[in-house]
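Novice: Give me the fold of what follows.
(one chain, ligands or ions: 3)
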Amino acid sequence: MHELNAEAVRRAMQVYLVMGSVNTTQDPVEVLRQAIAGGITLFQFREKGTGALVGEARLALAWRLREVCSQHGIPFIVNDDVELAVAVEADGVHVGQDDADAALVRARIGAGRMLGVSAHSVEEARRAMQAGADYLGVGPMYPTRSKADAHAVLGPAGVAELRAAGIAVPVVGIGGITPDTTAAVMAAGADGVAVISAIAGAADVRAAAARFAAAVLGMLA
Ligand SMILES: Cc1ncc(COP(=O)(O)OP(=O)(O)O)c(N)n1
Ligand SMILES: Cc1ncsc1CCOP(=O)(O)O
Ligand SMILES: [Mg+2]
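Specialist: Ligands and ions are numbered 1, 2, ... in the order given. Predicted structure coming up:
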């Protein structure tokens, strides 16, 4: 078994920014700084899609974003790429159903790093938990333009179904979430919201992150 504290993971889920360089027209390092100032609680480096950086440029950006997270005490998660996560001493990895096997990822990263796994059903959620997932990413909650190969929309009902089945592991909703729809995702049983475009694509990133933080905290109060 692994050693992360489930309550600390749950708190980290609250406002989870997911971002790569293609998700913003601004400097991603400055976007991350502004998002942290606005109140995000967790960051995932997801460098994929048309125009994504590769090789040394990707590694360099990962390090720069990793350092900003370290400076501010925000855990840094790497999407998909377990070896990149190990190379930049990330706090965790997020993998989906079409990525590396979650149990193998757990074995590679050890007990002290966070493992997030995407789940779209009770069965996938149970398998992820058996593999040692610390949290589940569940979505899309709503239609999204940020993931070309996204699963069919589950809606907040997808989270409610997991909770009704007794799945108690920390859960973050993802996909098309805005400050206005955050309450519905939380009410269904999520511990937080994972967001790309509504924060990374905002003209005022800090204000956007702050709106999500207020919406989440309003539901936890
Ligand atoms: C928090 C969170 N939840 C779900 C995902 C989606 O992961 P995946 O299904 O592997 O898709 P990609 O993001 O890799 O395209 C996520 N990244 N983060
Ligand atoms: C990575 C991912 N996984 C499911 S939906 C999605 C995209 C979320 O981006 P946005 O918040 O812009 O809809
Ligand atoms: Mg993936």
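Novice: residues in this protein within reach of ligand 3, list them.
Specialist: By the criterion of CB under 5 Å from the ion, the positions of the chain lying close to ligand 3 are 80, 96, 99. C-beta: built from backbone N, CA, C; applies to glycine.
Novice: Just give me the closest of those residues to Leu32.
Specialist: Distance to Leu32 across the residues of the chain next to ligand 3 (CB to CB) is lowest for Asp80, with 18.7 Å.
Novice: Read off the pLDDT value for the closest one.
Specialist: At Asp80, the model reports a pLDDT of 98.
Novice: in the lowest-mean-pLDDT helix or strand in the chain, what counts as buried?
Specialist: Taking mean pLDDT, DSSP states H and E as the measure, helix 6-12 is the helix or strand of the chain with the lowest mean score, a mean of 95. Judged by neighbour count using 16 or more other CB atoms under 10 Å, the buried positions of helix 6-12 are 9-10, 12.
Novice: Quickly name whichever of these is closest to ligand 1.
Specialist: Proximity to ligand 1 was ranked across these by CB to the nearest ligand atom; first place goes to Ala12, at 11.0 Å.
Novice: Run a quick check on the closest one versus Pro75, I expect a contact.
Specialist: Yes: the pair formed by Ala12 and Pro75 meets the contact definition of CB atoms under 8 Å, at 5.7 Å.
Novice: Find residues that contact each of those two.
Specialist: Residues touching both Ala12 and Pro75 comprise 42, 114, with contact defined as CB atoms under 8 Å, 6 or more residues apart in numbering.
Novice: related to what we said a few turns ago, so which of the residues of the chain next to ligand 3 belong to helices?
Specialist: For these, not one is inside helices, with DSSP state H as the criterion.
Novice: which among the residues you listed gets closest to Gly155?
Specialist: Gly155 lies nearest to Gly96 out of the residues of the chain next to ligand 3, by CB to CB, at 18.7 Å.
Novice: separation between that closest one and Ile109?
Specialist: Using CB to CB, to the nearest Å, Gly96 is found at 16 Å from Ile109.
Novice: again with Glu56
Specialist: The spacing between Glu56 and Ile109, counted by CB to CB, is 23 Å.
Novice: again with Arg163
Specialist: Arg163 sits 27 Å away from Ile109 when distances are taken as CB to CB.
Novice: Could you check which of those two is surrounded by more residues?
Specialist: Higher neighbour count among Arg163 and Ile109: Ile109, with 21 against 13, using other CB atoms under 10 Å.
Novice: That one against Ala87, yeah?
Specialist: No: Ile109 is not in contact with Ala87 according to CB under 8 Å; the separation is 11.9 Å.
Novice: What ranges does the protein have for its strands?
Specialist: With DSSP state E, the ranges of strands along the chain come out as 15-19, 42-45, 76-79, 92-95, 114-119, 135-138, 171-174, 192-195.
Novice: The second one and ligand 2, any residue contact?
Specialist: The one in question is strand 42-45. No: counting by CB under 6 Å from any ligand atom, ligand 2 has no neighbours in strand 42-45; the shortest distance is 8.6 Å.
Novice: Give the buried residues for that strand.
Specialist: Neighbour counts over strand 42-45 (16+ other CB under 10 Å) mark 42-45 as buried.
Novice: got any ranges where the protein has weak pLDDT?
Specialist: When residues are selected by pLDDT under 70, those of the chain lie in 1-3.
Novice: residues in it within reach of ligand 2, list them.
Specialist: 18, 139-140, 144, 146-147, 150, 174-177, 195-198.
Novice: No further questions, thank you.
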